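Asker: Just the structure for this:
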Amino acid sequence: MGIAPSVVQELLDASRSHECPGAPEICVRVLAIANLPTRFGDYQVAAFRSPADGKEHAAFIHGDVVDQEEVPVRLHSECLTGDAIGSLRCDCRDQLLESLERIGKMESGIVLYLRQEGRGIGFVNKIRAYQLQDSGYDTVQANEALGFRADERDYAIAAHMLGTLRVRSIRIMTNNPSKMRDLEAHGTRIVGRIPIVVPPNDHDRAYMLTKQAKMGHLLDLEQDDDWRCDSESAAK
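Answerer: Here you go, the predicted model:
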């Protein structure tokens, strides 16, 4: 059972007149909620829009999460190349499918789909970073060479979306401690973590090792000699 129609209407009515004085950049409103049967189970999809920049975000909701505690939540940032095309350069698609499948088997849960392509640097810059990676940079070095931080994402909007859905506390599905800190800093109460680790392939192993070694992701991966050589060469 998902969110009841009467509660859906409550959420839409409350969002219609909602404003965030002093912080319009994080003020997202839920504009529509509909049923969404999927291969992973029965979901509802909530469509959010930010009045500040016009970006549209989505919440894929399984079960009734309104006014609930300890709701399993996955925050997934958009990855066109991985999610839609099946790129092997990253584990984004694998994590998205894994989270939808796992939450679909739980009593309830949410996958937030955020429009933060390329760790927040946008699609064009993400492909520019790929070009640098093709010549030996790792993902962190490529972002920094383009003038960005290793990760430009911000989870204030995600916290706002969870607040709009009246989620009281969450168990976050992530390996990224900085994501947890950022979300808590914006008022989301996190009561637990659910690891989501998918095996690396031949194309994304260095990418995942960089997340572990340089970004503090909670992954249990071994660094082989070939990766050490590639990393040391790129750093010179």
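Asker: Show me the residue sitting in the middle of this structure in space.
Answerer: His76 (2.0 Å; Cα atoms, centre = their mean).
Asker: pLDDT below threshold where in the chain?
Answerer: Counting by pLDDT under 70, the ranges of the chain that qualify are 21-26, 204, 207-208, 213-216, 218-219, 221-236.
Asker: That one: helices as residue ranges?
Answerer: Per DSSP state H, the chain carries helices over the ranges 5-16, 92-104, 117-120, 123-134, 139-145, 156-164, 177-185, 205-215, 225-235.
Asker: Just to check, Ser50 is in contact with Val28?
Answerer: Yes - here Ser50 reaches Val28: they are 4.8 Å apart, a contact under Cβ atoms under 8 Å. The C-beta positions use only the backbone N, C-alpha and C, and glycine is treated the same way.
Asker: Have a look at those two and say which one is more surrounded.
Answerer: When Ser50 and Val28 are compared for neighbours, Val28 comes out ahead with 25 against 18, by other Cβ atoms under 10 Å.
Asker: so how far is Tyr155 from the more buried one?
Answerer: 12 Å (Cβ to Cβ, to the nearest Å).
Asker: again with Arg205
Answerer: Distance from Arg205 to Tyr155, by Cβ to Cβ: 27 Å.
Asker: And the two? Which one has more around it.
Answerer: Tyr155 (25 against 18).
Asker: and the gap between the more buried one and Asp138?
Answerer: 24 Å.
Asker: do Cys27 as well
Answerer: Distance from Cys27 to Asp138, by Cβ to Cβ: 36 Å.
Asker: Between these two, which has more neighbouring residues?
Answerer: Higher neighbour count among Cys27 and Asp138: Asp138, with 23 against 18, using other Cβ under 10 Å.
Asker: anything in contact with each of Ser50 and Val28?
Answerer: 57, 157 (Cβ atoms under 8 Å, 6 or more residues apart in numbering).
Asker: So what touches stretch 146-159?
Answerer: 23, 25-26, 28, 50, 57, 75, 77, 112, 114, 116, 119-121, 125, 128-129, 132, 139-140, 143-144, 178-179, 182-183, 186-188, 214-215.
Asker: could you dump that stretch to CSV, C-alpha only?
Answerer: The C-alpha trace of stretch 146-159 is given here as CSV (Å, rounded to 0.1, in the frame of the first residue of the first chain):
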residue,chain,number,x,y,z
LEU,A,146,38.6,21.7,-14.7
GLY,A,147,38.4,24.1,-11.7
PHE,A,148,35.9,22.1,-9.6
ARG,A,149,36.0,20.4,-6.3
ALA,A,150,36.1,16.6,-6.3
ASP,A,151,32.3,16.6,-5.6
GLU,A,152,30.2,19.7,-6.2
ARG,A,153,26.9,18.1,-5.1
ASP,A,154,24.7,19.6,-2.4
TYR,A,155,21.9,17.7,-0.6
ALA,A,156,19.9,20.6,0.7
ILE,A,157,17.2,20.0,-2.0
ALA,A,158,17.1,16.3,-1.0
ALA,A,159,16.5,17.2,2.6
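Asker: Name the residues of that stretch that come out as buried.
Answerer: Across stretch 146-159, burial judged by 16 or more other Cβ atoms under 10 Å covers 148, 150-151, 153, 155-159.
Asker: Check stretch 128-144 too.
Answerer: For stretch 128-144, by 16+ other Cβ under 10 Å, it's 128-130, 132-133, 137-143.
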